[in-house]
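Asks: Coordinates for the following, if possible.
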Amino acid sequence: MFRFENIYWLIALALVPVLVALYMLLVRWKKRAAQKVGDPALVKVLTGNFSHQKFLLKFVLGAFALAALVLAAANPQLKGESGEQNRKGLDVLLLMDVSKSMLAQDIKPNRLERSRQLMSLLIDQLSENRIGMVWFAGRAYLQMPLSSDASAAKMYLQNAGPDAVPTQGTVIGEALRLAGATFDSKEQKYKAVVLVSDGEDHDPEALEVVKDLAASGVMINTVGVGSPEGATIFDPATNDTKRDASGNTVVSKLNEAQLRELAQAGNGVYVYLQDAAAAARTIRAQLAGVEQKELEDESFVQYNSYFFIPLVLVLLVLLAEIFISERKKRLHEA
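Replies: Alright, predicted model coming up:
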């Protein structure tokens, strides 16, 4: 597999057509300057020792050197040997509700922090798999594509919260749809979802999305956070409990019925999050029964760099350009 390590450098190739345009303007300017002299015989005498062909050749070599230098900076690479062989696992997407209802404190310290604890344990215990992360509230956002980089997953987890998704709500269906789009559509197995939410807002689309995902080989597991009795929500923005439009205190309750229904339709398991370690073990045991595949991740693939090839070309071209004179070669100089 061929690739450029620093592909953003290729944007600099746009300088080549800019140089071509400048060269054409220069040639046009020279012709106009010669016409202003007026006497063609005088112009011929003044420019008789100048070679237009050699001038063009020097420009072409300079433009080629610039393009080769850009390619060297982009660092062309070819795929080498993988750093880890015979590694099996699944593609697992962790979906976490980060709406403001997750700030309810019916479980200590609050639903969001307990969910983070579970996610952290899952990242550690599922390290042999590829993991991706989706945060959702009123909208769903892919935070991390599928990867074996556990340290990156932990970094993203630290930023999980209501501020990560500005629109409030609980769009479970949209989050599941985004998860389905993230998986490889050509595979009919080796895929699983772990959805952590209080399920507060009933999402009628979620069940249909789960059925579609299950038909495409995705196992849907759900984790319920909170309590059926519910709790008030402390809003950091107002430094007070959340209230509705009528001024009444909002009480957020765990919607276990919806989360159980989604897990059942998705051939997965529903777990009530009380003890994070116990919930992580249950999820891991459930995923252990799923057929695994040979995994290859970019973090384990070694690439051989060949930036030195265009650099050598740059050196050779510049040396050649130096020794090419714009003067015509006279017969007695031959």
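
Asks: Show me the helices in the protein, by range?
Replies: 15-37, 40-47, 52-74, 111-125, 150-158, 172-182, 204-215, 256-265, 276-288, 308-322 (DSSP state H).

Asks: right, so of those, which gets closest to residue 138?
Replies: Among the helices of the chain, helix 172-182 comes nearest to residue 138, with 9.0 Å by Cβ to Cβ. Where C-beta positions appear, they are placed from N, C-alpha and C, glycine not excepted.

Asks: Next, the buried residues of the closest one.
Replies: For helix 172-182, the neighbour count (16 or more other Cβ atoms under 10 Å) marks 172-180, 182 as buried.

Asks: what do you get for stretch 263-281?
Replies: In stretch 263-281, counting by 16+ other Cβ under 10 Å, buried: 263, 265-273, 276, 279-280.

Asks: returning to what we had before: may I see the buried residues of helix 172-182 arranged in CSV, with pLDDT as well?
Replies: Below are the buried residues of helix 172-182 laid out as CSV (pLDDT from 0 to 100):
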residue, pLDDT
172, 93
173, 93
174, 93
175, 94
176, 95
177, 95
178, 95
179, 94
180, 93
182, 93
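
Asks: farthest-separated two in the buried residues of stretch 263-281?
Replies: 265 and 276 (25.3 Å).

Asks: Out of the helices of the chain, which is closest to residue 243?
Replies: Of the helices of the chain, nearest to residue 243 by Cβ to Cβ is helix 111-125, at 18.9 Å.

Asks: which strands and helices sit next to that closest one?
Replies: strand 91-97, strand 130-136, helix 150-158, strand 191-197, helix 276-288 (3 or more Cβ pairs under 8 Å, 6 or more residues apart in numbering; DSSP states H and E).

Asks: which residues are contacting it?
Replies: For helix 111-125, the surrounding residues in contact (Cβ atoms under 8 Å, 6 or more residues apart in numbering) are 94, 96-98, 101-105, 107-108, 131, 133, 150, 153-154, 157, 160-161, 194, 196, 198, 223, 225-226, 273, 276-277, 279-281, 283-284.
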